[in-house]
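Peer 1: Provided below for reference: sequence and predicted model.
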Amino acid sequence: MGHRDKVKKLGRTRSHREAMLANMAMSLFTHRVIKTTDAKAKALKPLVDRLITTAKKDTLHAKRQVAKTVNNKVVFKKLFSEIVPQFSERTSGFARVVKLGVRRGDGAPISVVELLTEKPKETTEKGKKGKKSKKKTTGSGAKSKSSKKETFGDTKKKTETKAKTAVHKTTTPGTKNK
């Protein structure tokens with residue numbers, strides 16, 4: 001009977017379990033996706049949802065409550081500045097658990113926990129979004145794509161001619177090859 005079994009103990013003491021889940025939550029806020037066992041993922045999802053719901057209030061009291069669990073300043077700032085604004089229109093369901101299968105070593109069921117946010121767009125060195133700088137090559141050492149295709153075609157023709165000549169050079173029994 002599962003009466004009054006609200007907390008998944010995960011085979012750990014209370015302090016160890018709380019510290020582990022807090023570390024996993026901070027990793028999730030940092031990387032947006034983490035891979036873990038099914039039991040840990042199911043225990044982590046309500047904690048993450050509760051932290052984001054509290055952080056959405058954006059009051060001093062809410063920040064102090066979140067700071068009890070998220071005690072890394074960099075992750076704390078990222079949570080309030082980047083992650084929470086993306087959930088402004090959503091009321092719940094901030095994380096998703098996707099089952100992957102079993103771990104090869106011990107057969108433990110593995111899941112992925114991910115935040116349901118858009119990934120930030122990466123910028124290049126100069127700050128231009130999505131554009132890569134093109135390098136122009138000059139000189140005798142550089143070849144264009146078309147010249148590479150031609151050289152590939154030329155080598156293909158050469159190998160075909162070598163194969164034909166090799167067929168003609170086969171010897172019959174009792175004759176010598178010159």
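Peer 2: Nice, thanks for sending it over.
Peer 1: switch to C-alpha atoms for all contacts and neighbour counts from now on
Peer 2: Noted.
Peer 1: excluding chain neighbours, what is closest to Gln86?
Peer 2: Thr117 (6.4 Å; CA to CA, 6 or more residues apart in numbering).
Peer 1: same check, this time on Val113
Peer 2: That would be Val97: by CA to CA, 6+ apart, it lies 4.6 Å from Val113.
Peer 1: state the helix or strand in which that neighbour lies.
Peer 2: Assessed by DSSP states H and E, Val97 sits inside strand 95-102.
Peer 1: tilt between the very next helix or strand once past that strand and strand 95-102?
Peer 2: Counting by DSSP H and E, the next helix or strand C-terminal to strand 95-102 is strand 109-115. Angle between the axes of strand 109-115 and strand 95-102 is 160 degrees (criterion: axes from the mean of the first three to the mean of the last three CA atoms, to 10 degrees).
Peer 1: by contact count, what packs against the strand holding Val97?
Peer 2: If you count contacts as 3 or more CA pairs under 8 Å, 6 or more residues apart in numbering; DSSP states H and E, strand 95-102 packs onto helix 38-56, strand 109-115.
Peer 1: quick one: contacts of it?
Peer 2: Residues from elsewhere that reach strand 95-102 (CA atoms under 8 Å, 6 or more residues apart in numbering): 38, 41-42, 45, 48-49, 108-116.
Peer 1: how close does Thr54 get to Thr13?
Peer 2: 25 Å (CA to CA, to the nearest Å).
Peer 1: sorry, back to before: give the pairing partners of the strand holding Val97; include direction for each.
Peer 2: strand 109-115 (antiparallel) (DSSP bridges).
Peer 1: how close does Arg104 get to Met20?
Peer 2: Arg104 is 23 Å from Met20, by CA to CA.
Peer 1: show me where this protein has helices.
Peer 2: Assignment of helices within the chain using DSSP state H yields the ranges 14-31, 38-56, 60-69, 73-78, 84-86, 145-168.
Peer 1: now stretch 75-82: buried residues?
Peer 2: Judged by neighbour count (16 or more other CA atoms under 10 Å), stretch 75-82 contains these buried residues: Val75, Phe76, Leu79, Phe80.
Peer 1: farthest-apart pair in these, please.
Peer 2: Val75 and Phe80 (8.7 Å; CA to CA).
Peer 1: re earlier: is it true that the residue nearest to Gln86 touches Val84?
Peer 2: No - here Thr117 lies out of contact with Val84, judged by CA atoms under 8 Å, at a distance of 9.5 Å.
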